[in-house]
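>>> Just a sequence and a predicted model for now, questions to come.
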Amino acid sequence: MKRIVLLLAALYVPAAGAAYKCVDEKGVTHIGDTEPAGCANVMMYEVSRSGAVIRSIEPTPTPEQLKVKLEEAERRKEAERVAGEQKRKDLALLSSFSNEREFDVARDRNIEPITGRINNSKDRIKAIDKRVAEVEDEMEFYKAGKGKTAKTREAPATLVNELQRLRTEKETLEKANVASAREIEQLKAKFDADKKRWLALKANPGKLPEPPKAEVAGTLIPGAAGIAKCGDKVYECQAGQSYTCKVAGKASYRVNCVVERK
């Protein structure tokens with residue numbers, strides 16, 4: 001029992017004789033049996049009597065430094081998430097298409113019902129225009145006083161209400177057609193980007209290349225349907241894409257273009 005106690009005591013001797021050492025911001029070396037005050041803001045080392053480093057002790061971060069570390073950790077986490085999501089998309093892309101032609105077929109198949117919707121709306125707008133002309137003619141009949149009494153009369157409320165309803169319907173249809181045309185452009189851009197990505201993946205079998213990078217720009221991207229936040233600014237962009245955000249004085253990081261829900 002006595003031998004065991006002596007052995008434990010011997011093992012503890014180096015730690016008991018350990019010292020703390022650092023080089024401060026001015027290049028001055030501090031050393032002591034306890035943590036020197038001059039080591040508060042720099043890396044400090046616990047060393048044995050022989051000078052061997054036992055452990056490293058990082059300085060307590062300031063609130064600003066802690067914020068930077070947390071932001072960096074968040075960016076790293078987001079980058080890993082984006083990379084994982086891109087890998088999943090790449091594998092899905094490779095398993096969904098076997099040749100370039102299939103992208104065009106899939107694109108046209110998705111665009112066809114939207115085009116049909118636009119054509120139906122255009123036909124309805126023509127019918128509305130015809131009916132509007134008829135209603136306006138009837139209303140002119142009353143305004144011109146062409147009735148038996150030859151006096152100007154107010155048009156019936158039914159005609160006024162119908163005219164307003166027709167104009168509102170036409171406006172709604174026209175807005176819908178603009179949105180549908182934008183949707184077609186988005187689909188074309190998506191399938192074009194997917195085809196390019198697929199070709200890049202096929203050119204590097206067994207290795208997934210880095211996803212294409214794009215800088216966040218302040219101009220509207222054709223077919224924009226989402227937003228990307230870079231620093232304190234918000235940009236319109238292609239929904240579902242990733243971009244590189246560069247803020248002065250800070251490291252660049254990836255941001256996603258997302259659809260803002262109201």
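Ah, there it is.
>>> The helix or strand where Gln186 lies packs against which elements?
Assigned by DSSP states H and E, Gln186 falls within helix 157-203. Counting contacts by 3 or more C-beta pairs under 8 Å, 6 or more residues apart in numbering; DSSP states H and E, helix 157-203 packs against helix 63-96, helix 100-143. Every C-beta, even on glycine, is put in place using the N, C-alpha and C of the backbone.
>>> what's the model's confidence in it, averaged?
Across helix 157-203, the average pLDDT comes to 94.
>>> how about the helices and strands packed on helix 157-203, which one is nearest Thr158?
Proximity to Thr158, assessed across the helices and strands packed on helix 157-203 by C-beta to C-beta, is greatest for helix 100-143 (9.7 Å).
>>> and that closest one, what other elements does it pack with?
When contacts are defined as 3+ C-beta pairs under 8 Å, 6+ apart, helix 100-143 sits against helix 157-203.
>>> from what I can see Arg167 touches Val132, true?
Yes - if you go by C-beta atoms under 8 Å, Arg167 and Val132 touch, sitting 7.0 Å apart.
>>> Let's have the helices and strands packed on helix 157-203 in CSV, adding mean neighbour count, distance to Gly231 and mean pLDDT.
Below are those laid out as CSV (neighbours: other C-beta atoms under 10 Å; distance: least, C-beta to C-beta, whole Å; pLDDT from 0 to 100):
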stretch, mean neighbour count, distance to Gly231, mean pLDDT
helix 63-96, 12, 12, 90
helix 100-143, 13, 35, 94
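>>> Just put those in a markdown table and tack on distance to Arg182.
Converted to a markdown table, the helices and strands packed on helix 157-203 look like this (distance: least, C-beta to C-beta, whole Å):
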| stretch | distance to Arg182 |
| --- | --- |
| helix 63-96 | 23 |
| helix 100-143 | 10 |
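>>> Relative to Glu46, how far out is Asp192?
Look at Asp192 and Glu46: by C-beta to C-beta, to the nearest Å, they are 59 Å apart.
>>> Look at those two and report which has more neighbours.
Glu46 (16 against 13; other C-beta atoms under 10 Å).
>>> So the more buried one belongs to a helix, correct?
No - per DSSP: H, G, I helix; E, B strand; the rest coil, Glu46 lies outside any helix segment and is strand.
>>> How about it: what's its closest non-neighbour residue?
Distances taken as C-beta to C-beta, 6 or more residues apart in numbering put Ile54 closest to Glu46, at 4.5 Å, once the chain neighbours are dropped.
>>> Is that neighbour in a helix, a strand, or coil?
Three-state call for Ile54 (three-state DSSP): strand.
>>> Might one say that Cys257 is in contact with Lys229?
No - the pair Cys257 / Lys229 is not scored as a contact, 9.7 Å apart, by C-beta under 8 Å.
>>> quick one: which of the two has more around it?
More crowded of Cys257 and Lys229, by other C-beta under 10 Å: Cys257, with 22 against 15.
>>> Against Val132, how distant is that one?
40 Å.
>>> Next: Glu80.
Going from Glu80 to Val132 by C-beta to C-beta gives 58 Å.
>>> And Ser98, by the same measure?
Counting by C-beta to C-beta - Ser98 and Val132 are separated by 52 Å.
>>> One more: Lys143?
Lys143 is 16 Å from Val132, where distance means C-beta to C-beta.
>>> ditto for Ala18
As judged by C-beta to C-beta, Ala18 and Val132 stand 93 Å apart.
>>> mind checking which helix or strand Arg254 is in?
Element membership of Arg254, judged by DSSP H and E, is strand 253-256.
>>> chain center to that strand: distance?
In terms of C-alpha atoms, centre = their mean, to the nearest Å, the centre of strand 253-256 is found 7 Å from the chain centre.
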